[in-house]
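Asks: Sequence and computational prediction follow.
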Amino acid sequence: ENIIRQEFVFKTASDKLNQELLNKIQDVNSICIHVRRGDYVNNPHTNQVHGVCSLEYYTKCIDFIANRVDNPCFFIFSDDPDWVQNNLKILHPVVFVAHNKEKDYEDLRLMYHCKHFIIANSSFSWWGAWLSKNSGKIVCAPRKWFNKEELNNNDIVPENWVRF
């Protein structure tokens, strides 16, 4: 773990917009929400294997964290931001991060600087939460990582993360 954390650092600085977002993330009680849809919705095989986290999952996680964190500010990362804006209702400040289309690594950098996490059944958001240096972080993860029952997911999520 220590070697991975030491090696996994960015060698380039953020551009101006990402640096401004990074500053905001560090200044508030930031909660990263990652909603993965894309191939999980559009590719029948991928959907059959992974499935998609439900709105109910995200709502439960939002309520769980909002009841434990003062003045939460949610930073939403998604490959389908229009769907998220139209479907996920949050009664707290929200920042949609949708400008890094060709630079996913910038989203990852922003994600892992958040203080708390609501992740999708996706290794991208898993890494964002895992790389976070916040020792008091709350991480909400899906109880069911795969759609296929025969795929074992018991060792994917660290024990101190909360599963819904």
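Replies: Alright, I've got the coordinates. These numbers were taken from a predicted model, which means no experiment stands behind them.
Asks: Regarding the residue most central in space within the chain, what is its secondary structure?
Replies: Note on the chain: the residue nearest the mean C-alpha position is H34, at 3.3 Å, using Cα atoms, centre = their mean. Taking DSSP: H, G, I helix; E, B strand; the rest coil as the rule, one finds H34 in the strand state.
Asks: mind listing the helices for the chain?
Replies: Counting by DSSP state H, residue ranges of the helices within the chain are 2-7, 16-27, 38-42, 44-50, 55-66, 81-87, 104-112, 123-131.
Asks: The fourth one packs against which elements?
Replies: This points to helix 44-50. Contact partners of helix 44-50 among helices and strands, from 3 or more Cβ pairs under 8 Å, 6 or more residues apart in numbering; DSSP states H and E: helix 38-42. Any C-beta I mention is one placed from the backbone N, CA and C, and that applies to glycine too.
Asks: One more: the fifth one?
Replies: With contacts defined as 3+ Cβ pairs under 8 Å, 6+ apart, the secondary structure elements packing on helix 55-66 are strand 29-35, strand 72-78, strand 116-118, strand 139-141.
Asks: Give the bridge partners for the residue nearest to the centre of the chain, please.
Replies: Judged by DSSP bridges, the bridge partners of H34 are F77.
Asks: In contact with it, which residues?
Replies: Residues in contact with H34, defined by Cβ atoms under 8 Å, 6 or more residues apart in numbering, are I76, F77, S78, M111, F117, I118, I119, A120, S122, F124, S125, G128.
Asks: Then C140?
Replies: By Cβ under 8 Å, 6+ apart, the contact set of C140 is K60, C61, F64, I65, F117, I118, I119, W161, V162, R163, F164.
Asks: Just give me the neighbour total for the residue nearest to R68 when sequence neighbours are not counted.
Replies: By the measure of Cβ to Cβ, 6 or more residues apart in numbering, the closest residue to R68 outside its immediate chain neighbours is I138, 6.2 Å from it. The local packing count at I138 equals 19, with neighbours defined by other Cβ atoms under 10 Å.
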